[in-house]
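In: Below: sequence and its predicted model.
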Amino acid sequence: AIEMSGGQSAASPAIRPRLLTRRLVQVLLVSFGAMASFYLLLSTVPLYTDAIGAGATGAGLATGALMLSTVAVELITPALVARFGKRRAVGAGLVLLGAPALVLPGSASLATILAACLVRGAGFAIVVVVVGAWIAEVAPRERRGEALGLAGVVASVPAVIMLPLGVWLAERVGYPPLFIGGAMTALAGLLAMVGLADEPG
């Protein structure tokens, strides 16, 4: 306590807990990797679909399949988390988001592309829903609002950078390296989860 005039005392100001804890950084890295993978291919898979001869209709179907599965799986993700836990759910989501991109290089089948988009959308939905709740859980209670704001920034940066970057890379290095990079970006999130438990510890 701090002695004040007149014999009064005031409590010392509380020390604020550190915002960037190890667990919070891990979850933010998972979010960044998933978002980067999603947006990198969001702008390029339709271009690739058009390039293989499926035209604008095929490109629209690819985006539609991605969004359809994203919305549908978001509705059942809470049930998946209740059954398997956050860590397993996010791990599965990252695999579903990343692995299908590995079948895209060299594929000239619209059916294959649509199937990959459906699976990727499901993975994206799981990661987005679970990570949003996980951020609030691992953040220091007194700084939860700041943590959620930071999470919003981390999720938004890939949208700004990866959308145009995907198109730029497709023109310069081609689609196969781009799709492989998109897959690896999502799968790298699995490394960020090492040692990350479901419940605060």
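Out: Looks like it came in fine.

In: Show the contacting residues for the residue positioned nearest the centre of the chain.
Out: Nearest to the mean C-alpha position of the chain, counting by Cα atoms, centre = their mean, stands Ala34 at 2.9 Å. When contacts are counted by Cβ atoms under 8 Å, 6 or more residues apart in numbering, Ala34 is found next to Gly93, Leu94, Leu97, Phe124, Val127, Val128, Val131, Ala186, Gly189. All C-beta spots, glycine's among them, are computed from the backbone N, C-alpha and C.

In: Turn those residues into CSV, including pLDDT, neighbour count and secondary structure.
Out: CSV is the format used below for the contacts of Ala34 (pLDDT from 0 to 100; neighbours: other Cβ atoms under 10 Å; DSSP: H, G, I helix; E, B strand; the rest coil):
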residue, pLDDT, neighbour count, secondary structure
Gly93, 97, 27, helix
Leu94, 97, 27, helix
Leu97, 97, 31, helix
Phe124, 97, 26, helix
Val127, 96, 29, helix
Val128, 95, 20, helix
Val131, 93, 24, helix
Ala186, 96, 30, helix
Gly189, 93, 28, helix
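
In: Mind jotting down where the helices sit in the chain?
Out: In chain order, the chain shows helices spanning 22-42, 45-49, 55-84, 86-98, 110-138, 144-172, 175-187, 189-192, with DSSP state H as the criterion.

In: do you know which of these lies nearest Leu104?
Out: Minimum separation from Leu104 across those (Cβ to Cβ) falls at helix 175-187, 4.4 Å.
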